[in-house]
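Student: structure of the sequence below:
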Amino acid sequence: MGEPFAHSLRVRYAECDVLGIVFNSRYLEYFDVTLTELWRAAIGGYQVMLDRGLDVVVVEAQIRFLDSARFDQELSLEMEFAHLGNTSIVSRHRIGHDGRALVEGTMVHVTVDRRTASKTPIPDWLRAALSRWHVPDG
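Tutor: Next up, the predicted model:
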């Protein structure tokens, strides 16, 4: 049984609207930042996967907005894997500030061969590296 991966990020001015509130589309970017940092912790960086002929592409994303993040707040970004399938990876994301939940979401990625862009099974080396953060439902 795994544990969530945690990363922090300070909201930059350019990510906000005129009221200093984070613009809604930025949260998907924050999910992606968290995934990139998890890849760094798991295998040494996203480029390692690319160099081995593999990539992941988003096939679904869901976001639930609970509260707003604001300029200069330090956000807590957490991510875990709910499912590591044959070719699919389902991740759960939580973004908070000062212990307060702001955003929750899920993303589904599919592993693909870089040369052909065709779905390919998650290789054993990647599955093993991600298992530390695998927290299945139930």
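
Student: touching stretch 107-127 from outside, list them.
Tutor: The contact list for stretch 107-127, computed with CB atoms under 8 Å, 6 or more residues apart in numbering, reads 31, 35, 43, 49-50, 52-62, 84-91, 93. All C-beta atoms are positioned from the backbone trio N, CA, C, and that covers glycine.

Student: what about the strands in the chain?
Tutor: 5-10, 54-65, 74-84, 88-97, 100-113 (DSSP state E).

Student: got the CA positions of the fourth one in CSV?
Tutor: In other words, strand 88-97. Taking C-alpha atoms only, strand 88-97 is exported to CSV below (Å, rounded to 0.1, in the frame of the first residue of the first chain):
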residue,chain,number,x,y,z
SER,A,88,-3.8,3.1,-18.1
ILE,A,89,-2.7,5.1,-15.1
VAL,A,90,-5.4,6.7,-13.0
SER,A,91,-4.1,9.4,-10.6
ARG,A,92,-5.9,11.3,-7.9
HIS,A,93,-4.9,14.9,-7.1
ARG,A,94,-5.5,17.2,-4.1
ILE,A,95,-4.5,20.8,-3.9
GLY,A,96,-4.8,22.6,-0.6
HIS,A,97,-3.6,25.6,1.4
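
Student: low-scoring pLDDT stretches of this protein, where are they?
Tutor: 1, 138 (pLDDT under 70).

Student: residues touching the spatially most central residue of it, list them.
Tutor: Centre of the chain computed as the mean C-alpha position; nearest residue by CA atoms, centre = their mean is Leu35, 3.5 Å away. Taking CB under 8 Å, 6+ apart, we find Leu35 in contact with 79, 91, 107.
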